[in-house]
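**Q** I'll drop the sequence and a predicted model, then ask my questions.
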Amino acid sequence: MAKPAPAHWRTDWLLRQPFDVLVLETGANDMLRGAELESVRANIQAIIDKVRAARPDTRIVLVGMMAPPNYGQAYTERFRGIYPEIAERNDLPMVPFLLEGVGGEARYNLPDGIHPNAEGQRRVAATVWKTLEPVLRPG
């Protein structure tokens, strides 16, 4: 199994940008490479920890990803479980699956079968918005 890139390169650039809310979606490329699940989990947690240490007031929304069934039931279930576990541990709102209603649906994807087309992107945006909109509400 491949190891995903360390989280530090993902956050160093990010922390130089102004933001109040972080929508954290990672893991799709790791999953496609069959990355070690503990490394995926550790990298996502490291990003959260680094952002919270640098900017404690930042609101973070975690976006879940799923592995396709061809990776085997054990890997698929363990991969899918990473996101709710991290969300619960860190008290984060979570989008259960970024590609809900889009993944595996040819009409919503480019010919590569992986990346959403324009209509697929609208559906992805609507999926994320359901969780993000309450986070952005003044309160």
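**A** Structure's in. What do you need? Numbers count the residues shown, from 1 in each chain.
**Q** wait, what's in contact with Leu24?
**A** By CB atoms under 8 Å, 6 or more residues apart in numbering, the contact set of Leu24 is Ile44, Ile47, Ile48, Ile60, Val61, Leu62, Val63. Glycine gets a C-beta too; all of them are placed from N, C-alpha and C.
**Q** tell me the secondary structure for the fourth one?
**A** Read it as Ile60. strand (DSSP: H, G, I helix; E, B strand; the rest coil).
**Q** Just list the residues touching the closest residue in space to it that isn't next to it in sequence, thanks.
**A** Leaving out its chain neighbours, the residue that sits closest to Ile60 by CB to CB, 6 or more residues apart in numbering is Leu22, at 4.8 Å. By CB under 8 Å, 6+ apart, the contact list for Leu22 reads Leu14, Val51, Thr58, Arg59, Ile60, Val61.
**Q** Next one: Ala74 from Leu37, what distance?
**A** 10 Å (CB to CB, to the nearest Å).
**Q** higher neighbour count, these two?
**A** Neighbours were counted for Ala74 and for Leu37 using other CB atoms under 10 Å; Leu37 has more, 19 against 9.
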